[in-house]
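[1] any chance you can model this:
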Amino acid sequence: MEQRVNSGSVFGEQKVLAGVDFDAVRNVSVVKRGGERVVCSLQKVYTTLQRLAHDLPAVSLDGVIRAIVAQLYDGITTQDLEEVMILSIVPFVEQDPEYGFLAARVLLQKLSKLVIGQSYNDEKIESLYRTSFVDAINKGVASNLFDKRLLDFNLPFLASHLVIERDLKLGYNGVQILSDKYLRKVDGQYIELPQSFWMRVAMGLCILEPHKNERAIEFYNQLSTFRSMSSTPTLLHS
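    Predicted structure coming up:
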């Protein structure tokens, strides 16, 4: 049986979804990172996915939402909800590769919240992202993760050359590999996002160059657009 939802309700104006158990969701609460329990908002979930899929015309959210609802349970944490969203999207990649980009963007949003405390829809995302790059280098050096010579670079200058929208060109497998293997953590917490990682690797490649800032940008543009790629040991240890 189809359920038609009026404007301003769960899925916006005249959105039709088949097979969604709305009654089951009404009693589901979500535990936020600070411990607060709030009522699960399908409207928020749908709006988030709709925003992330704005340039992915092959993506249909109806089936994704139904898959998410089927896995919800009372007391789910926000982290687990994000994981449910990703796991609900990935099977649809068989239908169209664009679902892989959507899953990647949900994971990127999760990482963004962990690193800078804001999601990708925040109007301050660009400035926060660039600031997080500078912070990551300083934290990494202070924790002996990064070579202290990285502090010899003009970090604000390099931050201004990050092309943040390149994150949206990453597929799910790419973001997952970066987060699992390459993005660095301090005390178990992520400190960098993909574009910050590529710039850090670029800095390591030209640490002895006389014009290191300009060369770092050149290397960064090669790496972050995948026109060239360094070996795994270089990516791990730059």
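
[2] alpha carbons only for contacts and neighbour counts from here, please
    Fine.

[3] mind listing the helices for this structure?
    Secondary structure of the chain (DSSP state H): helices located at 22-26, 42-52, 61-71, 78-89, 98-116, 125-142, 155-159, 172-177, 194-205, 212-224, 232-237.

[4] look up how far Pro97 lies from Thr234.
    Thr234 is 30 Å from Pro97, where distance means Cα to Cα, to the nearest Å.

[5] neighbour count winner among those two?
    Just comparing Thr234 and Pro97: by other Cα atoms under 10 Å the higher neighbour count belongs to Pro97, 16 against 13.

[6] look up how far Val90 lies from that one.
    Distance check for Pro97 against Val90: by Cα to Cα, it reads 10 Å.

[7] and if you look at Gly63?
    12 Å.

[8] next, format the helices of the chain as TSV and append distance to Lys32.
    As requested, the helices of the chain are arranged in TSV below (distance: least, Cα to Cα, whole Å):
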stretch	distance to Lys32
helix 22-26	17
helix 42-52	14
helix 61-71	18
helix 78-89	5
helix 98-116	12
helix 125-142	21
helix 155-159	31
helix 172-177	23
helix 194-205	25
helix 212-224	33
helix 232-237	33
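
[9] those helices into TSV, with extra columns for mean pLDDT and distance to Arg33?
    Putting these into TSV (pLDDT from 0 to 100; distance: least, Cα to Cα, whole Å) gives the following:
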stretch	mean pLDDT	distance to Arg33
helix 22-26	67	20
helix 42-52	88	17
helix 61-71	90	20
helix 78-89	94	7
helix 98-116	94	10
helix 125-142	95	20
helix 155-159	98	29
helix 172-177	94	22
helix 194-205	96	23
helix 212-224	96	31
helix 232-237	69	30
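
[10] got the contact list for the nearest residue to Phe157 once chain neighbours are set aside?
    In this structure, Phe157 finds its nearest non-sequential neighbour in Asn213, 8.0 Å apart by Cα to Cα, 6 or more residues apart in numbering. Taking Cα atoms under 8 Å, 6 or more residues apart in numbering as the criterion, Asn213 is in contact with Phe153, Asn154, Phe157, Leu158, Met203.

[11] so which of the helices of the chain comes closest to Asp187?
    helix 125-142 (10.5 Å; Cα to Cα).

[12] return that closest one as PDB; C-alpha atoms alone will do.
    Only the C-alpha atoms of helix 125-142 are listed here, as PDB (Å, rounded to 0.1, in the frame of the first residue of the first chain):
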ATOM      1  CA  ILE A 125      32.300  24.300   5.800                       C
ATOM      2  CA  GLU A 126      35.000  25.800   3.500                       C
ATOM      3  CA  SER A 127      36.600  28.000   6.200                       C
ATOM      4  CA  LEU A 128      36.300  25.200   8.800                       C
ATOM      5  CA  TYR A 129      37.800  22.600   6.400                       C
ATOM      6  CA  ARG A 130      40.700  24.900   5.600                       C
ATOM      7  CA  THR A 131      41.300  25.600   9.300                       C
ATOM      8  CA  SER A 132      41.100  21.900  10.100                       C
ATOM      9  CA  PHE A 133      44.000  21.300   7.700                       C
ATOM     10  CA  VAL A 134      46.300  23.800   9.600                       C
ATOM     11  CA  ASP A 135      45.100  22.200  12.900                       C
ATOM     12  CA  ALA A 136      45.800  18.700  11.600                       C
ATOM     13  CA  ILE A 137      49.400  19.600  10.700                       C
ATOM     14  CA  ASN A 138      50.000  21.200  14.100                       C
ATOM     15  CA  LYS A 139      48.400  18.200  16.000                       C
ATOM     16  CA  GLY A 140      50.300  15.700  13.900                       C
ATOM     17  CA  VAL A 141      53.700  17.300  14.500                       C
ATOM     18  CA  ALA A 142      52.900  17.800  18.200                       C
END
